[in-house]
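Novice: Just a sequence and a predicted model for now, questions to come.
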Amino acid sequence: MIAFNTKGRDRGFSLLEVILVLVIAAVLGVMLYQFFGAAFTQSTAPVLRLQKTHELRRAMEAMTAAYESSDKSLAALNTLQAEIDNGTYAAAGGQVVVENAFVVIDPTVANEPAVLKVTIADNESGEGLTVLFTSQ
């Protein structure tokens, strides 16, 4: 029987095994980067959208608070409309007033209360918020 000397072969990995492990690790790394890359880069989008929505809500709350402190008459609605047109409630966050006009809900009703429709939107995200103010 022929005996082989195996003492020198059991001490480590061959160069081929090391290169194969590095290639597999590189392929798995590229796959993980492609899979998770978009999720990591776009993970801030919901937070930014929430901040823009909060700024819109804060601007609309300022308008609503001003109207709630008035006597809620037609004159108060006209004053609110003029203040909105003059930029009194303009916020620094890039909001614009899309609509600021009186609307008729039901034209068949006589002596219908006046309704002021105010819509503000964010320039960047396109998010919008609409509120109807009514006279009493």
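Specialist: Yes, it's here. As the structure is a computational prediction, the values presented were derived from the model and not from experiment.
Novice: okay, CA-based contacts and neighbour counts for the rest of this
Specialist: Noted.
Novice: gap between Ala114 and Ser69?
Specialist: According to CA to CA, to the nearest Å, Ala114 stands 18 Å off from Ser69.
Novice: Those two: which has the busier surroundings?
Specialist: Comparing Ala114 with Ser69 by other CA atoms under 10 Å, the one with more neighbours is Ala114, at 19 against 9.
Novice: Correct me if wrong: the more buried one contacts Val104.
Specialist: Yes. The pair formed by Ala114 and Val104 meets the contact definition of CA atoms under 8 Å, at 7.5 Å.
Novice: quick one: Ala82 is in a helix?
Specialist: Yes. With the criterion set as DSSP: H, G, I helix; E, B strand; the rest coil, the secondary structure at Ala82 is a helix.
Novice: Find the nearest non-adjacent residue to Asp122, please.
Specialist: In space, Asp122 comes closest to Gln95 once its chain neighbours are excluded; the distance is 4.4 Å by CA to CA, 6 or more residues apart in numbering.
Novice: Isn't the one you found up against His54?
Specialist: No. In this structure, Gln95 sits apart from His54 without contact. The criterion is CA under 8 Å, and the distance is 11.4 Å.
Novice: Give the other helices and strands that the helix or strand encompassing Met60 contacts.
Specialist: Met60 belongs to helix 45-68 when elements are defined using DSSP states H and E. The criterion is 3 or more CA pairs under 8 Å, 6 or more residues apart in numbering; DSSP states H and E, and the helices and strands that helix 45-68 contacts are helix 74-86, strand 115-122, strand 128-134.
Novice: Now it: average pLDDT?
Specialist: Confidence over helix 45-68, taken as the mean pLDDT, stands at 86.
Novice: Could you check the angle it makes with helix 74-86?
Specialist: When axes from the mean of the first three to the mean of the last three CA atoms, to 10 degrees is applied, the directions of helix 45-68 and helix 74-86 differ by 140 degrees.
Novice: Excluding its own residues, what touches helix 45-68? List them.
Specialist: Residues from elsewhere that reach helix 45-68, judged by CA atoms under 8 Å, 6 or more residues apart in numbering: 76-77, 80, 89-91, 93, 95, 120-122, 125, 127-129, 131.
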